[in-house]
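In: With the sequence up front, the predicted model follows.
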Amino acid sequence: GAGVSQSPSNKVTEKGKDVELRCDPISGHTALYWYRQSLGQGLEFLIYFQGNSAPDKSGLPSDRFSAERTGGSVSTLTIQRTQQEDSAVYLCASSRGGGREKLFFGSGTQLSVL
Amino acid sequence: AQSVTQLGSHVSVSEGALVLLRCNYSSSVPPYLFWYVQYPNQGLQLLLKYTSAATLVKGINGFEAEFKKSETSFHLTKPSAHMSDAAEYFCAVSGRGSYIPTFGRGTSLIVHP
């Protein structure tokens, strides 16, 4: 596709429910990132995928959070037993890989946990 | 280890005035530095980046930033603000060997007519 696509754009869920957020990166980009954006908190790194290497999960805040990337392309971020503090905008980005490369961001998924 | 500090969560300027958004970084290795902009209801996009070539980097929409190693700074400037510059600006650092950019908390630029 022309850009990074995320779905859904908005998700409202009840506390305790599981949610899945999807990211479709730019074709050919080997690196994929998930960040969380909370008001006044900037971007918080969650997880990083690079090619076929094991993902860097060092930013996941708890074991309720997990992510996978299938076929080196589409990624799904799953949050189990959602809590109100999980409410935020979840951003996905992709790049050609390497620290000097710019990130291309999707428009994000606004998650609201009631 | 790497970190970014953006001084001032909000900066307010008049249209036509100088824009200065401050960013200081910490990195144990030579850094790559970035400024991203997020316009209302849009995704983040790259304004400019420093990757060890010229220390003065020019970006889109008339913005530029200067890498100052001695001050560990990468401040963003624009000589004359325009109403369309109102947005959230994020500074980010990626140390060589680390492929995960660390972002600052962002600075909201407000432009008054």
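Out: Perfect, I can see it now.
In: For chain B, what lies in contact range of chain A?
Out: Taking C-beta under 8 Å from any C-beta of the partner chain as the contact definition, chain B meets chain A at B:9, B:32, B:34, B:36, B:42-46, B:49, B:51, B:90, B:92, B:94-106. (C-beta placed from N, C-alpha, C; glycine too.)
In: Residue 92: which element?
Out: Because you didn't say which chain, this covers chain A. strand A:88-95 (DSSP states H and E).
In: ah, no, chain B please
Out: Residue B:92 belongs to strand B:87-95, assigned by DSSP H and E.
In: Dead centre of chain B: give me the residue that sits there.
Out: residue B:35 (3.6 Å; C-alpha atoms, centre = their mean).
In: so does the helix or strand encompassing residue A:36 get close to chain B?
Out: Secondary structure from DSSP H and E places residue A:36 in strand A:31-38. Yes - Strand A:31-38 is in contact with chain B by C-beta under 8 Å from any C-beta, via A:31, A:33, A:35.
In: Go through that strand and flag the buried ones.
Out: Of all the residues in strand A:31-38, those buried under the rule 16 or more other C-beta atoms under 10 Å in any protein chain shown are A:31-37.
In: For the closest residue to residue A:11 other than its chain neighbours, which residues are in contact?
Out: Closest residue in space to residue A:11, ignoring its immediate chain neighbours: residue A:111 at 5.1 Å, by C-beta to C-beta, 6 or more residues apart in numbering or on different chains. Applying C-beta atoms under 8 Å, 6 or more residues apart in numbering or on different chains to residue A:111 gives the contacts A:11, A:13, A:19, A:21, A:79, A:82, A:86-90.
In: could the residues of strand A:31-38 next to chain B go into CSV alongside pLDDT?
Out: Shown next, in CSV, are the residues of strand A:31-38 next to chain B (pLDDT from 0 to 100):
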residue, pLDDT
A:31, 94
A:33, 96
A:35, 97
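In: I'd like to know how far the residue nearest to residue A:11 sits from residue A:90.
Out: Computed as C-beta to C-beta, to the nearest Å, the residue A:111 to residue A:90 distance reads 6 Å.
In: cool, and residue B:97?
Out: 27 Å.
In: Pick out whichever of these two has more residues nearby.
Out: Shown here are residue B:97 and residue A:90; by other C-beta atoms under 10 Å in any protein chain shown, residue A:90 has more neighbours (22 against 9).
In: Report the contact partners of the nearest residue to that one once chain neighbours are set aside.
Out: Using C-beta to C-beta, 6+ apart and skipping the chain neighbours, the partner closest in space to residue A:90 is residue A:109 (4.8 Å). Taking C-beta under 8 Å, 6+ apart, we find residue A:109 in contact with A:6-11, A:21, A:89-90.
In: In ChimeraX, how would I select just the buried ones from those residues?
Out: In ChimeraX, a selection of the buried entries from the contacts of residue A:109 looks like this (16+ other C-beta under 10 Å):
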select /A:6,11,21,89,90
